[in-house]
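# 3D, please:
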Amino acid sequence: MDPGPDHEHHHHHHTGVRWLDMAVGLSAILISVVSLFVAIEHGKTMEHMVEATTWPYVEADHSRASADGVPAISYYVQNNGVGPAKIETFELAWKGRPLRDARDFLNACCTGPDEPKPHYQSSSISDRVLPAKESLMLFRVLGPDVTPEQFQKLDTARLQLHARVCYCSVLEECWLRDSERPKPEKVKACPAVKVGYTD
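Model prediction:
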């Protein structure tokens, strides 16, 4: 009975020189380690590149400017990053008093008991996704919609607002931005808030 063709077995050939054999073996190990290191670093580089292209940068700001030639005071949030930002929580306070909406702020800062309620424009910020390079106007008060005294009070009060916004990227990386600090703080998750600003 024909046992079939003989199977060839390949073995690593030794040079017969002990130190040379050891050098070849060590070189192979070194090459493997370097290759593994390069692969890991390449993976980290790619990860950082993805993070860089999806990085949001949200901050709150205010202005006294004209809206179509009409004096106006506005408060808004803007995303100056390169990726969209999911707004998880937003807090706004005036002189330490938490605010729930624009009406709460206007009543606290600028409306006396016998004065008419100011008219204003507002937008909701709850569960909003803010695209890169875009802004969201939280509230705007036009000069003709309030008395001159109210407008002046509002112009002063906007400088006393304190905002905290927590937002996340599409990669679920999150940051907490405090308007009284120069840079956002990276957090594992957005903390719960007692009084959130919604309007």
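# now stretch 58-67: buried residues?
58, 59, 60, 62, 67 (16 or more other C-beta atoms under 10 Å). C-beta here means a position set from N, CA and C on the backbone, and glycine is covered the same way.
# check the residue lying closest to the third one once chain neighbours are set aside and give its pLDDT.
Same thing as residue 60. By the measure of C-beta to C-beta, 6 or more residues apart in numbering, the closest residue to residue 60 outside its immediate chain neighbours is residue 163, 3.8 Å from it. In this model, residue 163 is scored at 97, pLDDT.
# and residue 5, by the same measure?
Residue 5 carries a pLDDT value of 54.
# quick revisit: closest to residue 80 among the buried residues of stretch 58-67?
Lowest distance from residue 80 to the buried residues of stretch 58-67 (C-beta to C-beta) belongs to residue 59, with 6.9 Å.
# right, and that closest one touches residue 76 too?
No. Between residue 59 and residue 76 there is no contact under C-beta atoms under 8 Å: 9.8 Å.
# can you give me the end-to-end distance of stretch 137-146?
Start-to-end span of stretch 137-146 (C-alpha to C-alpha, to the nearest Å) is 19 Å.
# for that stretch, what is the distance to the chain centroid?
Stretch 137-146 sits 27 Å away from the centroid of its parent chain (C-alpha atoms, centre = their mean, to the nearest Å).
# since that was my last question, I'll sign off now.
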